[in-house]
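Student: my questions concern the predicted model and sequence given below.
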Amino acid sequence: MFTVKKTVYINDDCKLYYMKTKKIISAILIIYTVIFSACNIQKISIEGEKKDNYNHVVQTAQLQLTQQVKIIKDSGKLLFPWTAYNGQIIYTPETGWTSGFFPGTLIYMYELSGDKKWLDYGVEFSEALDTIKYLTRHHDIGFIINSSFGNVLEHIDNNVYKGVIIQAAKSLSTRYRDVPGIIQSWNANKQWRCPVIIDNMMNLELMFKATVFSGDSSFHKMAVSHADVTLKNHFRKDGSCYHVIDYDMKNGNVLNRHTAQGYAHESAWARGQAWALYGYTICYRFTKDKRYLDQADKIYQFIFTHKNLPTDLIPYWDFDAPQIPNEPRDASSAAIIASALYELTTFGKRDYKKTADKIMLSLSSPAYLAIVGTNGNFLLKHSVGSIPHGREIDTPLNYADYYFLEALIRKVNLEK
Ligand code: GLY
């Protein structure tokens, strides 16, 4: 069983913030609810059928995030909500792979509501991650910096923020290995020599953007090489992918095809499939190389023809989990997939939007969308971090919320 990454990747320096004053907070929430209803929250307008109305999601998001920010401000620190266990909010350290998602979610809240205060919060929380641009000890700098500063730059054209992207890409480049031509995900240890996880496809967006901002094509080239080597080695014939490929740095050969967070080496870990789909969508966006679009489509085919995909399209945490249907769902995978499908729709290969819309209907229903004042102030219930590590099982997760709101923004833009 995989154990080593715990120290690098999961819980180091993690702060637990226990809400002792639950009753007071509940009272505050009720007051907020009344005030916000009375203030006629700015509504997003989605053309089409009435049943497809997502105003309740935007309202829920505003109320949940208002409370989340209030708790943080009251603490006197700048904290980064990650997940919650029975209402206890868990914060990630700045170096944790999920720290950028809360700032990014605040910026998405701005996009959905038009209320500038959310952009200001997004900038404030992003700026608190500035020093992460020098982080070289794992590959997650792409997740952290792109979901925070990358989104700030969508609204504020600022050379300092562009410099953060470029420096972060330089830091990530230190993990590039000419042989086999990939960015190394985790450091070598007893178990791995040069491990690359499928999640790493998501870090390529940072590299592509760094070339756009700097004019230095080396970041783009590294990203393309990583995508190509991953395409060659990470996928099975059926379009599904492995989680971890371990490489020999002398000759570039594959040493092992393993999992760390999935059920088994030969199983299809749901979020891995989601990262792969989204990752090749990013690659197509920046390169227009049809091979990447075709790969995204193969992954789509795998996911949406799978016998174990439930009818509400929210996958189990692993497509091959042994106790299906009695296994936890992973709303985070569904949100990532929906967001990728909306972008793929703009590339016109297939009508992915209908599938994404179905996912969004499920995620926006009471089965997954939290009631205001519950769920540690996160939006979505029922995600899975890592069952093999025994953590975040059937909990909210900051990245589920991030990709959910991102998907909603993309949906709204498509329907304009
Ligand atoms: N990137 C880690 C995960 O998806 O859990």
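Tutor: Ah, there it is. Owing to the predicted nature of the structure, the values given are computational and were not obtained by experimental measurement.
Student: could you use CA atoms for every contact and neighbour count after this?
Tutor: OK.
Student: find the closest residue to the ligand in the stretch 151-300 of the chain.
Tutor: residue 199 (5.2 Å; C-alpha to the nearest ligand atom).
Student: so that residue touches residue 273, yeah?
Tutor: No: Residue 199 is not in contact with residue 273 according to C-alpha atoms under 8 Å; the separation is 9.1 Å.
Student: ok, the residue of the stretch 151-300 of the chain closest to the ligand - contacts?
Tutor: 243, 272, 275-276 (C-alpha atoms under 8 Å, 6 or more residues apart in numbering).
Student: let's see that with 10 Å instead.
Tutor: For residue 199, the contacting residues are 139-140, 143, 185, 243-244, 271-276, 278-279, taking C-alpha atoms under 10 Å, 6 or more residues apart in numbering as the criterion.
Student: in strands, which of those residues fall?
Tutor: Counting by DSSP state E, the part of the contacts of residue 199 found in strands is residue 244.
Student: need the contacts of residue 199 in a markdown table with distance to the ligand, pLDDT and neighbour count, can you?
Tutor: Putting the contacts of residue 199 into a markdown table (distance: C-alpha to the nearest ligand atom, whole Å; pLDDT from 0 to 100; neighbours: other C-alpha atoms under 10 Å) gives the following:
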| residue | distance to the ligand | pLDDT | neighbour count |
| --- | --- | --- | --- |
| 139 | 10 | 98 | 27 |
| 140 | 8 | 98 | 25 |
| 143 | 8 | 98 | 24 |
| 185 | 10 | 98 | 24 |
| 243 | 10 | 98 | 30 |
| 244 | 11 | 98 | 24 |
| 271 | 6 | 99 | 29 |
| 272 | 7 | 99 | 25 |
| 273 | 10 | 99 | 29 |
| 274 | 9 | 99 | 26 |
| 275 | 8 | 99 | 23 |
| 276 | 11 | 99 | 30 |
| 278 | 12 | 99 | 24 |
| 279 | 12 | 99 | 24 |
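Student: take the contacts of residue 199 and keep only those in helices.
Tutor: Counting by DSSP state H, the members of the contacts of residue 199 that fall within helices are 143, 271-276, 278-279.
Student: max pairwise distance over these: which two?
Tutor: With C-alpha to C-alpha as the measure, no two of the ones in helices among the contacts of residue 199 lie farther apart than 143 and 273, at 16.7 Å.
Student: hang on, the residue of the stretch 151-300 of the chain closest to the ligand in a helix?
Tutor: Yes: the assignment for residue 199, made by DSSP: H, G, I helix; E, B strand; the rest coil, places it in a helix.
Student: up against the ligand, what does this protein have?
Tutor: Taking C-alpha under 6 Å from any ligand atom as the contact definition, the chain meets the ligand at 199, 271, 385.
Student: please redo it, this time with the cut-off set to 8 Å
Tutor: Taking C-alpha under 8 Å from any ligand atom as the test, the list of the chain residues beside the ligand reads 97, 140, 199-200, 261, 271-272, 275, 385-386.
Student: could you point out the helix or strand that follows the longest helix belonging to the chain?
Tutor: Criterion DSSP H: the longest helix present in the chain is helix 55-75. Going down the chain from helix 55-75, the next helix or strand is strand 81-85, by DSSP states H and E.
Student: other SSEs contacting that following strand?
Tutor: Packing partners of strand 81-85 (3 or more C-alpha pairs under 10 Å, 6 or more residues apart in numbering; DSSP states H and E): strand 15-17, helix 55-75, strand 88-91, helix 101-113, strand 391-395, helix 398-415.
Student: any common contacting residues for residue 199 and residue 273?
Tutor: Taking C-alpha under 10 Å, 6+ apart as the contact rule, residue 199 and residue 273 both touch 243, 279.
Student: quick revisit: let me know the closest of the residues of the chain next to the ligand to residue 125.
Tutor: Among those, residue 97 lies closest to residue 125 (C-alpha to C-alpha), at 15.0 Å.
Student: circling back to that earlier point, reformat the ones in helices among the contacts of residue 199 as TSV; add distance to residue 234.
Tutor: Supplementary listing: the ones in helices among the contacts of residue 199 in TSV, determined by distance: C-alpha to C-alpha, whole Å:
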residue	distance to residue 234
143	20
271	14
272	11
273	11
274	14
275	12
276	9
278	15
279	13
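Student: how about the closest residue to residue 380 other than its chain neighbours, what does it touch?
Tutor: Leaving aside its chain neighbours, residue 380 sits nearest to residue 369 (4.8 Å; criterion: C-alpha to C-alpha, 6 or more residues apart in numbering). Residue 369 sits next to 56-57, 60-61, 331, 362-363, 375, 378-382, 401 when contact means C-alpha under 10 Å, 6+ apart.
Student: out of the helices and strands packed on strand 81-85, nearest to residue 207?
Tutor: Residue 207 sits nearest to helix 101-113 of all those, at 18.1 Å, using C-alpha to C-alpha.
Student: may I have the closest one as PDB, with CA atoms only?
Tutor: Extracted C-alpha coordinates of helix 101-113, given in PDB (Å, rounded to 0.1, in the frame of the first residue of the first chain):
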ATOM      1  CA  PHE A 101      -8.400  26.800  -4.900                       C
ATOM      2  CA  PHE A 102      -9.900  29.100  -2.300                       C
ATOM      3  CA  PRO A 103      -8.600  32.300  -3.800                       C
ATOM      4  CA  GLY A 104      -9.700  31.000  -7.200                       C
ATOM      5  CA  THR A 105     -13.200  30.200  -5.900                       C
ATOM      6  CA  LEU A 106     -13.500  33.800  -4.600                       C
ATOM      7  CA  ILE A 107     -12.600  35.100  -8.100                       C
ATOM      8  CA  TYR A 108     -15.200  32.800  -9.600                       C
ATOM      9  CA  MET A 109     -17.700  34.200  -7.100                       C
ATOM     10  CA  TYR A 110     -16.900  37.600  -8.500                       C
ATOM     11  CA  GLU A 111     -17.500  36.400 -12.100                       C
ATOM     12  CA  LEU A 112     -20.800  34.900 -11.100                       C
ATOM     13  CA  SER A 113     -22.100  37.800  -8.900                       C
END
